[in-house]
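Asks: what follows is a protein structure lacking sequence information:
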């Protein structure tokens, strides 16, 4: 069963690769995307039931991913927020989790773990 994914990534090449990866391999449908914090927060606020998973980069065109994670702290139990970043320090992992992220993956080294996570979430939905 496909799940609806919202992608927050400012790099167009990475975004396109992630869309292909998620739709081809992880059985997800990317319903929309944003390149900045404000755009992402607005979309998520106006589409509360329009997503099952939000995948958020930390460094964005405007604002940052931590603001996005914090903005959706109150969400439905089935909705998951995942941080996917090259800046995968222990501090950033801890800060993301403290703000409500369900998972954190290193963009350059943990894509397989992201795929496993997506498969687990898909089976539960």
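Replies: Arrived safely, thanks for sending. Since the model is a prediction, treat every value here as computed from it, not as a measurement.
Asks: geometrically speaking, which residue is the centre of this protein?
Replies: residue 55 (0.8 Å; Cα atoms, centre = their mean).
Asks: for the residue nearest to that one when sequence neighbours are not counted, give me phi and psi.
Replies: Leaving aside its sequence neighbours, residue 55 sits nearest to residue 82 (Cβ to Cβ, 6 or more residues apart in numbering; 4.9 Å). Every residue, glycine included, has its C-beta placed from N, CA and C. Torsion angles at residue 82 (phi, psi; degrees, to the nearest 10) stand at phi -120, psi 130.
Asks: which residues does residue 82 contact?
Replies: With contact set as Cβ atoms under 8 Å, 6 or more residues apart in numbering, residue 82 has these partners: 53, 54, 55, 56, 101, 102, 103, 104, 105, 114, 117.
Asks: I'd like these written out as TSV, with pLDDT, secondary structure and distance to residue 70 added.
Replies: Compiled in TSV, the contacts of residue 82 are given as follows (pLDDT from 0 to 100; DSSP: H, G, I helix; E, B strand; the rest coil; distance: Cβ to Cβ, whole Å):
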residue	pLDDT	secondary structure	distance to residue 70
53	96	strand	17
54	98	strand	12
55	98	strand	16
56	98	strand	11
101	98	coil	10
102	98	coil	14
103	98	strand	16
104	98	strand	14
105	98	strand	19
114	94	helix	21
117	94	helix	21
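Asks: need those in TSV (columns: distance to residue 3).
Replies: Shown next, in TSV, are the contacts of residue 82 (distance: Cβ to Cβ, whole Å):
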residue	distance to residue 3
53	6
54	11
55	11
56	16
101	17
102	13
103	14
104	19
105	17
114	13
117	11
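Asks: if we can go back for a sec, beta partners of the residue nearest to the centre of the chain?
Replies: residue 7, residue 82 (DSSP bridges).
Asks: quick check: it touching residue 7?
Replies: Yes - Residue 55 lies in contact with residue 7 (Cβ atoms under 8 Å); the separation is 5.3 Å.
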